[in-house]
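1. sequence and computational prediction follow.
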Amino acid sequence: MQDDWKATKRLTINLGLRFTHFQPWMDRLGFGYATFDTSRYVDQSCARAPDFCGFVWHAKDASVPMGGFPSRALFYQPRIGAAYDLFGSGKTVLRGSWGRYYYHAGQFTSGLDASAGVTSTSLGSDVSYNGQTVPSTAALLDVLDTTAVPSAPAAADGQDDLQAHTDFYNFTISQQTPWSGLLELSYVGNRTRDIPSAGNGGSQGFQTLNINKVPLGAMLSSNNGGLDPNNLPCVGSLCNVDQFRPLLGYQDLRIATNNGYANYNALQVTWLRTKGRYSINLNYTFGKAMGIIGDDQISDEFNLDNNYGVLPSNRTHIFNAAYHIQLPSPAKNRLAAAFVNGWQLSGIMQMQSGANLWGLSNNQMFNMNLNSAKIPGTDFNISNTSLLGTTNIRVKPLITCNPREGLAEHQYVNPNCFAAPTEVGQNGPIVIPPIYGPAFFNWDMGIFKSFRITESKSFEFRIMGYNWLNHPLWSFYNSEGTPLTLSIDPATYKNQNPTFGTATDRQGHRIIQMVFKFIF
């Protein structure tokens, strides 16, 4: 439903309301997506196929929804907007709007594995079985159904009936300007909530809700009799981290739920002119995009809010200029006018501030390589288990100064501002403050003219220059990750990569293109 209401000669109000029912994703065979119910977990003896105690699905329990998630009958999406002619002259107009938009996010599919009876076991290096070292494939034939700790299948949150949605809002001042121009100053923002934490609906595809985390500190040497947390002996069939989990028999147990969030806020300035021989469109945006940062998983699985920061896709400053100009026609002679008059010039210029560099690394910590550095006074390699006693928080580099200061030429990150954590309980910031790389600049321009042959036939000639100023850009694009790899010296615990943070590659060059076009 939508309606426009002309409240007064100067005020127009737009109202709307949309009702949406989302059909849950489900399989056609009637298995249903698995959910996990901790009250149905018994012990590690049943935490394997085909029981997978704790996991329930529709074919196993008809009360579980086919889609795993419960669903609502309707979601309400209101919209409101208004426009007000400030002085009644039509030259200054205030506009604003707000609206909520729900969307059907992509569903994860691995939640069907358990209900459909699918199991998976990794084939890797040799394993120890009955006191002997045997190839993994041979060992699997013997232990697949008896002693192997399974990777827990994915599951949905059976109590989550939320749906991803975005609230859009804006406020704009429009003012007519001299030279037949229009100037607009806008505040534009959006706020997204209930983003799915698994599947392609997540902004980063992260998987956040792990209900079988290793508790903080559980694996520390002070809690395990002084043993190396990186290489703990097995207890029965449970090895290393799996013996410390609350739900024994399972590894990480990730529940798909709608707990992600993000937002964007920006100042946008636009000046337009579309009259006469000049058509010009100038745009500038000063904005910030923030949200939960993660790739295959987030860095701190104990506190989702600790993973909130500036998104890797953020560009703080963006400027674009597009123009089309009808050049003067000075020639009066008919023959000269055919070649001199009627030329047109057009182009696009783009300028953007740089990308958030740590966001270019797969783990959002500059691919930190600890090079087997030891905790001082021990033989324990620095890791999340030896420092934090858990595998569910990533080890992050310490920041000892402002990495955006004290830079050399073409250097964007100060390598002297990073060090490895060395003390038990110590860790760097989960989200590193944004560190922006090289800016982007490009200017494409073309000049063209049409020559009429007959009333229905014409010939067009164009000369186009891409990056016509021949302005190459410093970049980390072809550097194979080395200038963005933080390599720790095991002796000093500081960076030993001499090129870290320095752009070593330049890309982009001028391209000139001539086009002859016959139109008939």
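-> Received, thanks.
2. quick one: furthest residue from the center of the chain?
-> Within the chain, the residue lying farthest from the chain centre (C-alpha atoms, centre = their mean) is Asn333, at 60.5 Å.
3. give me the pLDDT for it.
-> As predicted, Asn333 sits at a pLDDT of 88.
4. ok, Arg452 next?
-> Value for Arg452, per-residue pLDDT: 82.
5. Asp3: neighbouring residues, count only.
-> 9 (other C-beta atoms under 10 Å). (Glycine included, C-beta is placed from N, CA and C.)
6. how about Thr400?
-> 13.
7. when you give positions from now on, start the count at 28
-> Sure, I'll start counting at 28 from here, so that last one is Thr427.
8. who's in contact with it?
-> Asn443, Cys444, Phe445, Ala446 (C-beta atoms under 8 Å, 6 or more residues apart in numbering).
9. let's see 10 Å
-> The neighbourhood of Thr427, defined by C-beta atoms under 10 Å, 6 or more residues apart in numbering, consists of Asn441, Asn443, Cys444, Phe445, Ala446, Gly455, Lys521.
10. bridged to Gln534, which residues?
-> Assessed by DSSP bridges, Gln534 has beta-bridge partners Leu500.
11. sorry, back to before: out of the contacts of Thr427, who's nearest Ile352?
-> Asn441 (44.7 Å; C-beta to C-beta).
12. tell me how far the residue farthest from the centre of the chain lies from Phe366.
-> 10 Å (C-beta to C-beta, to the nearest Å).
13. touching, Phe475 and Ile490? I think so.
-> Yes: between Phe475 and Ile490 a contact is recorded at 7.3 Å, counting by C-beta atoms under 10 Å.
14. which neighbours do these two share?
-> Val542.
15. all strands for the stretch 278-427 of the chain, in order.
-> 281-283, 285-302, 305-319, 335-337, 344-353, 371-379, 425-426 (DSSP state E, counting those that start in this stretch).
16. pick the most buried one from these.
-> Per-stretch averages of neighbours, counted by mean count of other C-beta atoms under 10 Å, single out strand 281-283 among the strands of the stretch 278-427 of the chain, with a mean of 26.
17. partner strands of that strand, parallel or antiparallel?
-> Going by DSSP bridges, the partners of strand 281-283 are strand 182-183 (parallel), strand 236-237 (antiparallel).
18. can you tell me which of those strands has the worst average pLDDT?
-> strand 182-183 - the lowest mean pLDDT of those, at a mean of 80.
19. what element comes up after that strand heading to the C-terminus?
-> Next along the chain after strand 182-183, taking DSSP states H and E as the criterion, comes strand 192-204.
20. how about Leu511, phi and psi?
-> Here is the backbone geometry of Leu511 (degrees, to the nearest 10): phi -120, psi 20.
21. so it sits against Asn394, correct?
-> Yes: if you go by C-beta under 10 Å, Leu511 and Asn394 touch, sitting 6.6 Å apart.
22. okay, these two: which has more neighbours?
-> Neighbour count, other C-beta under 10 Å: between Leu511 and Asn394, Leu511 has more, with 23 against 16.
23. domains for this structure, by residue range?
-> 28-45+99-135+185-230+281-341, 246-255+384-547 (automatic domain parsing).
24. I'd like these as CSV, with distance to Phe63 appended.
-> Shown next, in CSV, are the domains of the chain (distance: least, C-beta to C-beta, whole Å):
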stretch, distance to Phe63
domain 28-45+99-135+185-230+281-341, 6
domain 246-255+384-547, 17
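25. please identify which of those domains is closest to Asp78.
-> Here domain 28-45+99-135+185-230+281-341 is closest among the domains of the chain (C-beta to C-beta), at 18.2 Å.
26. low-confidence regions, this structure specifically.
-> 133-138, 145-181, 225-235, 322-323, 504-508 (pLDDT under 70).
27. can you rerun that using 50?
-> The model of the chain has pLDDT under 50 over residues 152, 154-177, 227-232, 506.
28. excluding chain neighbours, what is closest to Ser306?
-> Once flanking residues are discounted, Ser306 sits nearest to His351: 4.4 Å by C-beta to C-beta, 6 or more residues apart in numbering.
29. go on, Phe545?
-> Phe486 (5.7 Å).
30. related to what we said a few turns ago, what touches both of Leu511 and Asn394?
-> Counting by C-beta under 10 Å, 6+ apart, the residues touching both Leu511 and Asn394 are Trp385, Leu387, Ser388.
31. compare those residues and tell me which is most surrounded.
-> Counting neighbours by other C-beta under 10 Å, the top entry in the shared contacts of Leu511 and Asn394 is Trp385, with 26 neighbours.
32. residue contacts, the residue nearest to that one when sequence neighbours are not counted?
-> Using C-beta to C-beta, 6+ apart and skipping the chain neighbours, the partner closest in space to Trp385 is Ile459 (4.9 Å). Ile459 makes contacts with 320, 326, 336-337, 383-386, 388, 391-393, 423-424, 426, 430, 440, 445, as judged by C-beta under 10 Å, 6+ apart.
33. and these, which are buried?
-> Neighbour-count burial (16 or more other C-beta atoms under 10 Å) applied to those gives 320, 326, 336-337, 383-386, 388, 391-393, 423-424, 430, 440, 445.
34. quick one, helices of the stretch 378-527 of the chain?
-> Using DSSP state H, counting those that start in this stretch, the helices of the stretch 378-527 of the chain run over residues 411-415.
35. highest neighbour count among the contacts of Thr427?
-> The member of those surrounded by the most neighbours (other C-beta under 10 Å) is Phe445, with 26 neighbours in all.
36. what's the local residue count around Lys484?
-> Lys484 has 11 nearby residues by other C-beta under 10 Å.
37. any idea how far it is from Ala316?
-> Separation of Lys484 from Ala316 (C-beta to C-beta) stands at 51 Å.
38. likewise for Thr297?
-> 20 Å.
39. so Phe478 touches Trp370, yeah?
-> No: look at Phe478 against Trp370 with C-beta under 10 Å: they stay out of range, at 11.1 Å.
40. who touches both of these two?
-> Common contacts of Phe478 and Trp370 (C-beta under 10 Å, 6+ apart): Phe488.
41. more neighbours, the two?
-> Legend: neighbour count by other C-beta under 10 Å for Phe478 and Trp370, higher for Trp370 (16 against 12).
42. list phi and psi for that one.
-> Trp370 adopts backbone torsions of phi -80, psi 150, taken as degrees, to the nearest 10.
43. circling back: contacts only, for the residue nearest to Phe545.
-> For Phe486, the contacting residues are Lys476, Ser477, Phe478, Arg479, Ile480, Phe543, Lys544, Phe545, Ile546, Phe547, by C-beta under 10 Å, 6+ apart.
44. highest neighbour count among the residues you listed?
-> Most surrounded of those: other C-beta under 10 Å gives Lys476, at 17 neighbours.
45. which ones are touching it?
-> Contacts of Lys476 (C-beta under 10 Å, 6+ apart): 354, 365-371, 486-490.
46. ok, the residues you listed vs Asp88, which is closest?
-> For the contacts of Lys476, the minimum distance to Asp88 (C-beta to C-beta) is 67.9 Å, reached by Arg489.
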